[in-house]
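> How does the following fold in three dimensions:
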Amino acid sequence: MKNRKRTYIIMGLMLALLIGALGVTYAKLREVYLGSENQKLIVGDIYLHYTENNTITFNEGASRATYDPTKYFEFTISGKNTYTEEDIVYDVVLNYGDDHETRTTRLRDDLLRFRLVELVENPSTHVVEEQVIFDDRSYVSIDNMRIYKATIPAETNNQVDHTYRLYAWITNLVVLGNKDTADYDFSTWSDVYASIRVDVTGDFVDKMVGQPIYDIVKTGAASDSGIRFYEVNGTDNGNGKFVRSTTTNTQYPIYYYRGNVLENNVIFAEKCWKIVRTTETGGTKLIYNGEISNDGECNNTNANTQLPSTSSWAVDGLSLSYVGYNYGVNYPITDQALSGTYINTVSWNGTRYIYSTENGNTSNSINATHHYICENENCTSLRYYYYYSTSYAYYITLTGGKTIENVLDEMLFASTDTNKILIHGVIDDWYDANIKTNYENYLEDTTFCADRSVSLQNRGAWNPNGGSAMNDILKFDALKRIEDKNENNPPTLTCSNPNDRMSVGNGKLDNPVALLTSDEAALAGLEWNVNNSNNYLYTGNYYWLLTPSSMNNSSARQANVTNAGKLYRGNIDSAAGVRPVISLKHGVLVFSGQGTASNPYIAGTLRPNS
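Purely as a prediction, here's the structure:
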């Protein structure tokens with residue numbers, strides 16, 4: 001049911017580049033008619049056929065810096081699909097062509113460059129223009145390499161025509177000379193040829209055999225048992241794909257990328273992503289990496305790797321933070337100047353405590369253990385002082401009989417997610433505009449962990465059993481895991497407090513999208529307070545992570561990745577980038593690409609029943 005004919009693209013000098021064309025159509029396997037015109041298979045009013053009409057001839061001097069706008073191979077795909085339930089899927093695929101009659105050395109694939117465009121009529125000027133699909137793209141291997149995929153949608157009751165132009169040329173980066181330093185010596189070059197076939201196939205289902213993206217991450221992964229997680233990645237400390245050694249006995253072991261990897265680039269939902277790791281449910285977690293370039297590449301850096309707008313973690317736009325900032329617990333923090341007659345400090349048993357004065361009367365003195373002070377004579381509201389310096393004291397106000405123990409319970413343990421913070425809104429707005437309608441079915445509702453765990457010894461003056469309000473600050477355990485660089489306390493992907501597990505299913509997220517955690521960044525090879533530009537998470541720009549960091553004087557702090565590529569933290573009223581994180585279902589397939597920035601994996605077809 002397939003006919004084949006070849007179109008020759010011939011160049012002068014010493015190299016012949018042959019491109020053939022395979023025209024194949026879709027046909028429902030009923031009464032199949034093989035048409036005699038322009039290679040088509042037709043069943044009733046459902047058809048797809050392919051035509052091409054020209055030959056390219058290269059002049060002397062085959063290698064070029066870019067394409068020749070007068071040299072192209074033009075082909076048209078026409079289709080009609082009155083079927084109401086399924087789209088026709090068609091693919092443009094590169095393959096090796098025939099051997100040359102006399103030459104024996106096939107040109108190295110990556111020395112070929114390709115540009116694919118579609119001819120589209122400009123609705124304003126009615127002039128047919130080239131709409132670039134990709135430009136100046138190369139492939140490590142062109143064997144069975146799908147370069148483009150599109151559809152004839154169901155209920156296409158009138159014929160549609162898509163005309164494409166494929167440009168092919170040899171890069172001028174080819175080096176001829178000494179065989180030890182060049183691509184080819186002159187003797188071999190005289191025997192070089194290139195032969196490429198262009199195949200066009202179509203069906204209701206994708207005929208190419210896809211590979212689950214989970215399996216791509218899994219393949220070739222080494223054990224991480226020897227990695228020192230609190231040092232940056234390096235040649236002797238993890239560069240590549242690894243399996244988390246503590247998960248090897250689970251149904252879906254965790255595979256992840258670490259260090260200076262180049263093959264974890266993915267195009268999904270018409271956006272660029274980096275693969276970070278697989279999930280406990282067999283999905284694959286991706287971090288946003290910007291828009292696709294005009295030539296189909298994903299080589300973004302700096303601010304281009306994140307959403308166009310930045311956001312603060314502050315709630316309701318206030319410059320002062322809230323306790324429980326991941327969820328917006330409404331205890332505003334206030335600062336008070338240590339001057340005049342209202343607030344002073346005294347020394348008592350070697351520790352500085354805060355007390356109030358009113359007309360020289362010190363009757364409302366602060367509780368020495370819990371750092372309380374009454375705000376009025378009847379003590380209907382309390383201030384709890386958790387930090388002070390020589391100039392300012394910082395407190396929260398408690399009413400309704402609440403104590404610091406109540407606040408800590410809400411801050412660290414309770415399910416207090418009724419007040420969504422601003423950064424959730426930034427992510428959700430982007431998700432609604434770019435993912436929700438057409439691509440949400442490809443995503444799993446994975447769990448994101450906003451770990452609020454704080455051991456008693458890390459709570460400073462927030463500790464109900466006391467603590468110095470002068471020196472100690474509250475540090476979340478996630479920060480201590482990274483900051484202490486203790487190999488006995490490695491990064492974790494579990495979430496001990498159920499209320500810290502954020503998903504659509506438990507109502508803590510409106511959409512299956514959030515941010516990367518500091519533990520995931522450490523697994524990827526970043527180190528606390530150590531610059532690292534030799535890592536795929538480095539962008540040259542600041543961006544937020546999901547993990548809370550600490551409470552320090554007037555500001556809560558959130559983990560981030562700095563513009564120098566180190567794990568650090570920033571005040572939540574600061575501006576930094578936002579890089580959404582999603583998780584593809586286990587059944588999402590990849591059909592083409594090699595994971596590099598210039599040739600990303602193309603993901604998006606979902607296996608049935610996934």
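> can you pull out the helices in the stretch 51-200 of the chain?
For the stretch 51-200 of the chain, the helices defined by DSSP state H, counting those that start in this stretch cover 186-189.
> likewise the stretch 351-500 of the chain?
Using DSSP H, counting those that start in this stretch, helices in the stretch 351-500 of the chain cover 404-408, 422-434, 436-439, 477-484.
> Contacts for the last one, please.
Here helix 477-484 makes contact (C-beta atoms under 8 Å, 6 or more residues apart in numbering) with 230, 451, 453-455, 458, 475, 489-492, 517-519, 522, 528-529, 547-550, 559, 567, 569. Glycine gets a C-beta too; all of them are placed from N, C-alpha and C.
> Of the helices of the stretch 351-500 of the chain, which is nearest residue 510?
For the helices of the stretch 351-500 of the chain, the distance to residue 510 is smallest for helix 422-434, at 5.4 Å, taking C-beta to C-beta.
> average pLDDT across the closest one?
For helix 422-434, mean pLDDT is 85.
> follow-up on the earlier one: PyMOL command to pick out the buried ones of the contacts of helix 477-484?
Those of those that count as buried under 16 or more other C-beta atoms under 10 Å are selected in PyMOL with:
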select buried, resi 230+451+453+454+458+475+490+491+492+517+518+519+522+528+547+548+549+550+559+567+569
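> quick revisit: same list (the helices of the stretch 351-500 of the chain) but as TSV, adding distance to residue 193.
Below are the helices of the stretch 351-500 of the chain laid out as TSV (distance: least, C-beta to C-beta, whole Å):
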stretch	distance to residue 193
helix 404-408	74
helix 422-434	44
helix 436-439	42
helix 477-484	55
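> Compare these and give me the one nearest residue 51.
helix 436-439 (30.3 Å).
> List the buried residues for the closest one?
Quick answer for helix 436-439 (16+ other C-beta under 10 Å): 436, 439.
> Mind listing what's buried along stretch 232-241?
232-233, 237-239, 241.
> before we move on, what about stretch 135-150?
Buried, per 16+ other C-beta under 10 Å, within stretch 135-150: 135-139, 142, 145-150.
> Now for the residues you listed: which two are most distant?
138 and 150 (21.9 Å).
> Please name the residues that touch residue 240.
With C-beta under 8 Å, 6+ apart, residue 240 has these contacts: 220-222, 257-259, 261.
> most surrounded residue in those?
residue 257 (28 neighbours; other C-beta atoms under 10 Å).
> Poorly predicted segments of the stretch 51-200 of the chain, please.
For the stretch 51-200 of the chain, the stretches with pLDDT under 70 are 52-62, 179-180.
> Which pLDDT value goes with the closest residue to residue 489 other than its chain neighbours?
Leaving aside its sequence neighbours, residue 489 sits nearest to residue 481 (C-beta to C-beta, 6 or more residues apart in numbering; 5.3 Å). We have a pLDDT of 91 for residue 481.
> any idea how far residue 481 lies from residue 303?
29 Å (C-beta to C-beta, to the nearest Å).
> quick one: which of those two has more around it?
Taking other C-beta under 10 Å, residue 481 and residue 303 do not tie; residue 481 has more neighbours (23 against 16).
> For the more buried one, give its distance to residue 224.
Taken as C-beta to C-beta, the span from residue 481 to residue 224 is 16 Å.
> Domains in the protein, by residue range?
Residue ranges for the domains of the chain, per automatic domain parsing: 3-203, 217-322+417-610, 333-413.
> which residues does residue 570 contact?
542, 544, 557-558, 560, 576.
> same deal with residue 117?
Residue 117 sits in contact with 130-133, 164-165, 167, where contact means C-beta under 8 Å, 6+ apart.
> at 7 Å instead, please
Neighbour list for residue 117: 130-133, 164-165 [criterion: C-beta atoms under 7 Å, 6 or more residues apart in numbering].
> Looking at those residues, spot the one nearest residue 204.
Among these, and counting by C-beta to C-beta, the member closest to residue 204 is residue 164, at 21.5 Å.
> just checking, that closest one touches residue 75?
Yes: Residue 164 lies in contact with residue 75 (C-beta atoms under 7 Å); the separation is 5.7 Å.
> Nearest to the spatial middle of this protein, which residue is it?
Residue closest to the average C-alpha location in the chain (C-alpha atoms, centre = their mean): residue 287, at 1.7 Å.
> returning to that earlier point: which of the helices of the stretch 351-500 of the chain sits closest to residue 589?
helix 436-439 (14.2 Å).
> In PDB, list the C-alpha atoms belonging to the closest one.
Presented in PDB, the C-alpha positions along helix 436-439 are these (Å, rounded to 0.1, in the frame of the first residue of the first chain):
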ATOM      1  CA  LYS A 436      -5.100  23.800  30.900                       C
ATOM      2  CA  THR A 437      -7.300  23.500  27.800                       C
ATOM      3  CA  ASN A 438      -5.200  21.500  25.400                       C
ATOM      4  CA  TYR A 439      -2.600  19.700  27.500                       C
END
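> starting at the chain centroid, how far to that helix?
Offset of helix 436-439 from its chain centre (C-alpha atoms, centre = their mean, to the nearest Å): 17 Å.
> what do you get for stretch 104-119?
For stretch 104-119, the distance to the chain centre is 29 Å (C-alpha atoms, centre = their mean).
> From one end of it to the other, what's the distance?
Stretch 104-119 has its terminal residues 37 Å apart, counting by C-alpha to C-alpha, to the nearest Å.
> buried set for it?
In stretch 104-119, counting by 16+ other C-beta under 10 Å, buried: 106-107, 109-118.
> ok, now stretch 524-540?
So, applying 16+ other C-beta under 10 Å, buried residues of stretch 524-540: 524-528, 532, 535-539.
> Output it as CSV - backbone C-alpha positions only.
Only the C-alpha atoms of stretch 524-540 are listed here, as CSV (Å, rounded to 0.1, in the frame of the first residue of the first chain):
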residue,chain,number,x,y,z
ALA,A,524,20.5,18.1,40.8
GLY,A,525,23.9,19.2,42.0
LEU,A,526,23.5,22.7,43.5
GLU,A,527,25.1,23.5,46.8
TRP,A,528,24.2,25.9,49.6
ASN,A,529,26.0,29.2,49.2
VAL,A,530,28.4,27.9,46.5
ASN,A,531,28.3,29.3,43.0
ASN,A,532,27.8,26.7,40.3
SER,A,533,27.4,27.7,36.6
ASN,A,534,28.2,24.1,35.5
ASN,A,535,24.7,22.8,36.1
TYR,A,536,21.5,22.6,34.1
LEU,A,537,19.5,24.4,36.7
TYR,A,538,21.8,27.4,36.4
THR,A,539,20.3,30.2,34.3
GLY,A,540,22.2,33.3,35.2
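> where does the stretch 201-350 of the chain have low pLDDT?
Using pLDDT under 70, the stretch 201-350 of the chain drops low at 205-209, 309-333, 336-350.
> How about the contacts made by residue 166?
Residues near residue 166 by C-beta under 7 Å, 6+ apart: 72-73, 114, 116, 198.
> swap the cut-off to 6 Å and go again
Residues near residue 166 by C-beta atoms under 6 Å, 6 or more residues apart in numbering: 73, 116.
> and what of the one 10 residues further on?
Contacts of residue 176 were listed using C-beta under 6 Å, 6+ apart, and they are 182, 184, 186, 189.
> would you turn the buried residues of stretch 104-119 into a markdown table with distance to residue 502?
As requested, the buried residues of stretch 104-119 are exported to a markdown table (distance: C-beta to C-beta, whole Å):
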| residue | distance to residue 502 |
| --- | --- |
| 106 | 52 |
| 107 | 51 |
| 109 | 44 |
| 110 | 43 |
| 111 | 48 |
| 112 | 46 |
| 113 | 45 |
| 114 | 43 |
| 115 | 43 |
| 116 | 41 |
| 117 | 43 |
| 118 | 41 |
